[in-house]
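**Q** Any chance you can model this:
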Amino acid sequence: MANTHQLHTGYCDKTKVSNPRQCSHEDKGAFKPPWRWNALRSEDELAARCQQLCLACERCRFISFSLEQRDCSWYHECDTERLRTDVAGFRTEAATSTNQTKIAWVDLPAPRLLLFYHSHKAAGTTMTGWLGRMLRQGLLDGHVIFQAAQCYLCGQFGKLLRCAPGCDEYARARRLGKPSVFEGGAWARTRVSVELHTPAGQQLLFQTVLPHLAALRRRYTDHGGEVVLVTTAREPLSWIFSVWRMWPPRRRAGKAEPLSLAMPFPRWALQMRGAQAAQFVLLSTQEEPQRVVECHAAPEQCAPQSTPTPGGATHRRGAAAHAPRLRSAIRFQPSVHSLLGCEVLPAALRALSPFDLVATTACLGSLVRGLEARLGLRSGRSPPLIAHRPLGAPPPNSLLYNQSQAWSWASLSAEERRSLRNITRCDRRFYELAESRAQELPGGCTRSGTIEW
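**A** Next comes the predicted model:
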């Protein structure tokens, strides 16, 4: 067998291009490289890139590669004293260890993973638009929108995160960036941003990712890279009016009648106590319907566990064992409401701890500068705040639209204003913590020259 770094002339055996999933059970295969062969500068660079692919392949112990033949193959076993030489240009060596790969033979781009979690109406469209611009400028290799987040994260780190990709046709159709970022092991050589959005992204982040965040960070650190977890919050009064205008409660008096407002704003707002903070926790409906599940603080509550039964079979317990029964703390469309009110606040405050960068919608420019510093990006300008109207919002000038727009802070009575301040009291505390965290951003929390409605 070969010693690490010792090159041998020839190749181990003939191979065919293999599916990344075959790395868990096959004995050999050929990698489908994400690079352009014409862009490779030397045989050493090819060797380094093959080693990166080998690290992400579970059974890879040896690699054979050839710039001339445009091939990078892997093997679980190989007799380096009896290599095949019927095809010229091949070299073979043993796989390097993780630590040895850190001492790169060439300057390979360090992998980066940006996880951007945002609640409704908290500048998600603005920031994903900026990330899309980074993608178009070639500063990111891929941007994964929230519909494909599970497909990407569980496809790249399924064993670590203990989850299945679940890549349906819609998720495949909504991929942005290079298709190669979804290939097995692509994380080790790419810079990718992933959008996590409620309610599915909320469950994916707090139930699946956070319990294993430390291990995920170590994996990137071993490759000279980094994981950056980011979120945003919005001033509570601005947030509650924005949600109201986007998803007002609606009803239809008859089949031929247009949609109209189902209840006045002050009555609807009574359901909104702690609603923004509630998007940073999960609730379990298993045995304790009102129990807040904090997966980052108590991973054992979320990680599936096996317990023997008298019959010898096993069953899974814990919140993750009942993933379909986990529900978000609030529901959107046709209305937004909080299930537990201020009871979620302590858990929501603690939930901000794992995030590396926390910003408010009033200081997106500082957030952009912080991301540029952490990810090595240079975009040149801060993003404008975008007034976005997603599916389900009432069309402009419709009856429902005009009725909902008629409600504003100015239209409320003194008593209704006092009530609304009390309703947003818990979210105000959550926002104040986010605002204090935002002061840690480069330049502090400076307004981005936008107006929130």
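**Q** Counting neighbours, what do you get for H76?
**A** H76: 17 surrounding residues under other C-beta atoms under 10 Å. Yep, even glycine has a C-beta here, placed from its N, CA and C like the rest.
**Q** again with the one 3 residues further on
**A** Burial of D79 is recorded as 12 neighbouring residues (other C-beta under 10 Å).
**Q** Over to the one 3 residues further on?
**A** Other residues near R82 number 8, with proximity taken as other C-beta under 10 Å.
**Q** ok, now G341?
**A** Other residues near G341 number 17, with proximity taken as other C-beta under 10 Å.
**Q** same thing with D86?
**A** Neighbourhood size, D86 [other C-beta under 10 Å]: 8.
**Q** sec struct for it, please.
**A** With DSSP: H, G, I helix; E, B strand; the rest coil as the basis, D86 sits in coil.
**Q** can you check T92 too?
**A** strand.
**Q** cool, L420 as well?
**A** L420 falls in the helix class when you classify it by three-state DSSP.
**Q** Surely it is in contact with L412?
**A** Yes - contact criterion C-beta atoms under 8 Å: L420 and L412 qualify, at 6.7 Å.
**Q** Between the two, which is the more surrounded one?
**A** Using other C-beta under 10 Å as the criterion, L420 and L412 rank with L420 on top: 21 against 16.
**Q** The closest residue to that one other than its chain neighbours sits in which helix or strand?
**A** With C-beta to C-beta, 6 or more residues apart in numbering as the measure, A269 is the residue that lies nearest to L420, at 5.9 Å, once sequence neighbours are left out. Assigned by DSSP states H and E, A269 belongs to helix 265-269.
**Q** Also L160?
**A** Element membership for L160, per DSSP H and E: helix 149-161.
**Q** immediately after the helix or strand containing T126, which helix or strand?
**A** Applying DSSP H and E as the criterion places T126 in helix 124-136. Per DSSP H and E, the first helix or strand lying C-terminal to helix 124-136 is strand 142-144.
**Q** what about the strands in the stretch 301-450 of the chain?
**A** With DSSP state E, counting those that start in this stretch as the criterion, the stretch 301-450 of the chain has strands at 305-308, 314-317, 327-328, 330-331, 337-338, 357-360.
**Q** Identify the structural domains in this structure and state their residue ranges.
**A** The chain breaks down by automatic domain parsing into domains covering 8-102, 112-234+350-385+426-438, 236-304+318-344+393-423.
**Q** Mean pLDDT and distance to G444 for these - can I get that in CSV?
**A** Below are those laid out as CSV (pLDDT from 0 to 100; distance: least, C-beta to C-beta, whole Å):
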stretch, mean pLDDT, distance to G444
domain 8-102, 84, 35
domain 112-234+350-385+426-438, 86, 7
domain 236-304+318-344+393-423, 72, 20
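**Q** Tell me which of these sits most buried.
**A** domain 112-234+350-385+426-438 (a mean of 20; mean count of other C-beta atoms under 10 Å).
**Q** From start to finish, how long is it in a straight line?
**A** 22 Å (C-alpha to C-alpha, to the nearest Å).
**Q** Please state the offset of it from the chain centre?
**A** Put simply, domain 112-234+350-385+426-438 sits 4 Å off its chain's centre (C-alpha atoms, centre = their mean, to the nearest Å).
**Q** Next up, the contacts around T360.
**A** T232, A233, R234, E235, Y431, A434, E435, A438, C445 (C-beta atoms under 8 Å, 6 or more residues apart in numbering).
**Q** same question, S64
**A** Counting by C-beta under 8 Å, 6+ apart, S64 touches G10, Y11, C12, D71, C72, S73, Y75, C78, L83, F90, R91, T92.
**Q** Which residue ranges of the stretch 1-150 of the chain form strands?
**A** Listed in chain order, the strands of the stretch 1-150 of the chain (DSSP E, counting those that start in this stretch) span 8-9, 28-30, 62-66, 71-75, 91-94, 112-118, 142-144.
**Q** out of these, nearest to C363?
**A** Taking C-beta to C-beta, strand 112-118 is the member of these nearest to C363, at 14.6 Å.
**Q** what angle sits between the closest one and helix 149-161?
**A** Our comparison of strand 112-118 with helix 149-161, counting by axes from the mean of the first three to the mean of the last three C-alpha atoms, to 10 degrees, yields an angle of 120 degrees.
**Q** ok so, going back, using CSV, write out every CA atom in the helix holding L160.
**A** C-alpha atoms of helix 149-161 as CSV (Å, rounded to 0.1, in the frame of the first residue of the first chain):
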residue,chain,number,x,y,z
ALA,A,149,-33.3,23.9,1.6
GLN,A,150,-34.0,20.4,2.8
CYS,A,151,-33.0,18.9,-0.5
TYR,A,152,-29.6,20.6,-0.3
LEU,A,153,-28.7,20.3,3.4
CYS,A,154,-29.9,16.7,3.8
GLY,A,155,-28.4,15.8,0.5
GLN,A,156,-25.0,17.1,1.5
PHE,A,157,-25.1,16.3,5.2
GLY,A,158,-27.8,13.6,5.5
LYS,A,159,-25.7,11.3,7.7
LEU,A,160,-24.5,14.1,10.0
LEU,A,161,-27.9,15.8,10.3
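**Q** elements contacting that helix?
**A** Contact partners of helix 149-161 among helices and strands, from 3 or more C-beta pairs under 8 Å, 6 or more residues apart in numbering; DSSP states H and E: helix 169-173, strand 191-197, helix 200-203, helix 213-222.
**Q** re earlier: quick check: the residue nearest to L420 touching I240?
**A** Yes - under the criterion of C-beta under 8 Å, A269 makes contact with I240 at 6.4 Å.
**Q** Give me the common contacts of the two.
**A** Listed as contacting both A269 and I240 by C-beta under 8 Å, 6+ apart are L420, I423.
**Q** Report all helices and strands that the helix holding A269 contacts.
**A** helix 236-246, helix 414-423.
**Q** Dump the longest one to PDB, keeping only the CA atoms.
**A** Right, helix 236-246. C-alpha atoms of helix 236-246 as PDB (Å, rounded to 0.1, in the frame of the first residue of the first chain):
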ATOM      1  CA  PRO A 236     -43.000  45.000  16.200                       C
ATOM      2  CA  LEU A 237     -45.500  47.700  15.300                       C
ATOM      3  CA  SER A 238     -44.100  47.900  11.800                       C
ATOM      4  CA  TRP A 239     -44.100  44.100  11.600                       C
ATOM      5  CA  ILE A 240     -47.700  43.700  12.800                       C
ATOM      6  CA  PHE A 241     -49.100  46.200  10.300                       C
ATOM      7  CA  SER A 242     -47.100  44.700   7.500                       C
ATOM      8  CA  VAL A 243     -48.400  41.200   8.200                       C
ATOM      9  CA  TRP A 244     -52.000  42.600   8.400                       C
ATOM     10  CA  ARG A 245     -51.700  44.300   5.000                       C
ATOM     11  CA  MET A 246     -50.200  41.200   3.500                       C
END
